[in-house]
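>>> Got a sequence here, can you model it:
(4 chains)
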Number of protein chains: 2
Amino acid sequence: MNLITRNTDYAIRALCYIVKSNKDIVSVKELVEGLKMPRPFLRKVLQELNKKGILRSYKGKNGGFVLATRPEKIYIGKLIEIFQGPIKLQEHTFKKKICPEIKSCVLKKKIDVMEKYTISRLNSLSIASLLKTGK
Amino acid sequence: MNLITRNTDYAIRALCYIVKSNKDIVSVKELVEGLKMPRPFLRKVLQELNKKGILRSYKGKNGGFVLATRPEKIYIGKLIEIFQGPIKLQEHTFKKKICPEIKSCVLKKKIDVMEKYTISRLNSLSIASLLKTGK
DNA sequence: CATAATGATACTGATATGGTATCTTTACGA
DNA sequence: TCGTAAAGATACCATATCAGTATCATTATG
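Down below sits the predicted model:
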């Protein structure tokens, strides 16, 4: 099981790189070189971050990406949502096969508790705090 | 994301059913009728529970399955492990692509905390407690 | 206006999950 | 003792998701 998939992970790393670079604008080219990740995949990730207002993109020559949100306000939980949809530890809600047993409801409740805990932790963890602690 | 996959879920429901049935021995036939799940899949699940010592199987006419472990000692965490392998919220450890950034390590540590919490909760939740609370 | 950048989108391959099919083995009971 | 009803073992298939590629359109700079 993976709470964080590859594209979310790339997004996090790219954002950290951009923050640390202290540049006006960062191109995909530079990110690929600096982070050693597959270019087309990273491009998709960055495009998505642009659409969602985390980054701002500039087209054309000398174009690239700029942070559109302060790093203290970019939460890992938010990034996971962008790339993986709402955070949840159980998909039961969507499945037709709903267990009619009492037991299932109890289990669901128990997992809900873990889920809430996990979500609240992820939603209070920002890009900035990752960088700060790492220093 | 799903902490609990279908086969684990079936296992939990089957075990609950067996406990509640209060019978000497329960056949797949009865379980299929009682729980409305696909027979061949359920059989695989039960076979696995037998191999792992959670159930004891009896072959031949009037055969079936019997609990081999007390319901207070059957933990959801254990069942997840049987059907899905070690519980983890990140697979990083196995992937070649290890992020050399400090950031990644910090993130990993943060997720480790959530992981430990989740595991400890799952390992203290038993079939018996599911049934008890449900009453 | 050529070029270097991003935007958009369709496609591919690998893996995991959920489920089926089939054949073998075992033991009860008429 | 032998037919049958049970579980054991195993190989197979369908689908979804994840990871990644390829390609063409658009835009802005110099």
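
>>> For the residue of chain A found nearest DNA strand D, give its distance to residue A:44.
Per CB to the nearest atom of the strand, residue A:60 is where chain A lies closest to DNA strand D, at 2.3 Å. Just so you know, the C-beta spots here come from the backbone N, C-alpha and C atoms, and that holds for glycine as well. Residue A:60 is 20 Å from residue A:44, where distance means CB to CB, to the nearest Å.

>>> and the residue most central in space within chain A, what does it touch?
Centroid-nearest residue in chain A, with CA atoms, centre = their mean: residue A:79, separated by 2.3 Å. Contacts for residue A:79 (CB atoms under 8 Å, 6 or more residues apart in numbering or on different chains) come out as A:8, A:11-12, A:15, A:54.

>>> The longest helix along chain A packs against which elements?
Ordering each helix of chain A by length in residues (DSSP state H) puts helix A:102-122 first. In this structure, helix A:102-122 makes packing contacts with helix A:76-84, helix B:6-21, helix B:102-122, helix B:127-134, judged by 3 or more CB pairs under 8 Å, 6 or more residues apart in numbering or on different chains; DSSP states H and E.

>>> That helix versus helix B:102-122: what angle between them?
Taking axes from the mean of the first three to the mean of the last three CA atoms, to 10 degrees, one finds helix A:102-122 and helix B:102-122 inclined to each other by 160 degrees.

>>> Compare the helices and strands packed on helix A:102-122 and say which comes out lowest on pLDDT.
Among these, helix B:127-134 has the lowest mean pLDDT, at a mean of 83.

>>> Residue A:16 touches residue A:132, doesn't it?
No. Using CB atoms under 8 Å, residue A:16 is not in contact with residue A:132, being 11.1 Å away.

>>> Those two: who's more crowded?
Each of residue A:16 and residue A:132 has its neighbours counted (other CB atoms under 10 Å in any protein chain shown); residue A:16 has more, 25 against 12.

>>> Quick check: that one vs chain B, distance?
With distances taken as CB to the nearest CB, to the nearest Å, residue A:16 is found 5 Å from chain B.

>>> a markdown table for the helices and strands packed on helix A:102-122, including distance to DNA strand D?
A markdown table is the format used below for these (distance: least, CB to the nearest atom of the strand, whole Å):
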| stretch | distance to DNA strand D |
| --- | --- |
| helix A:76-84 | 6 |
| helix B:6-21 | 11 |
| helix B:102-122 | 14 |
| helix B:127-134 | 19 |
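
>>> Out of these, flag the one nearest DNA strand C.
Going by CB to the nearest atom of the strand, the one of the helices and strands packed on helix A:102-122 nearest DNA strand C is helix B:6-21, 3.4 Å.

>>> Off-centre distance for the following helix or strand past that closest one?
Downstream of helix B:6-21, the next assigned helix or strand under DSSP states H and E is helix B:28-35. Put simply, helix B:28-35 sits 19 Å off its chain's centre (CA atoms, centre = their mean, to the nearest Å).
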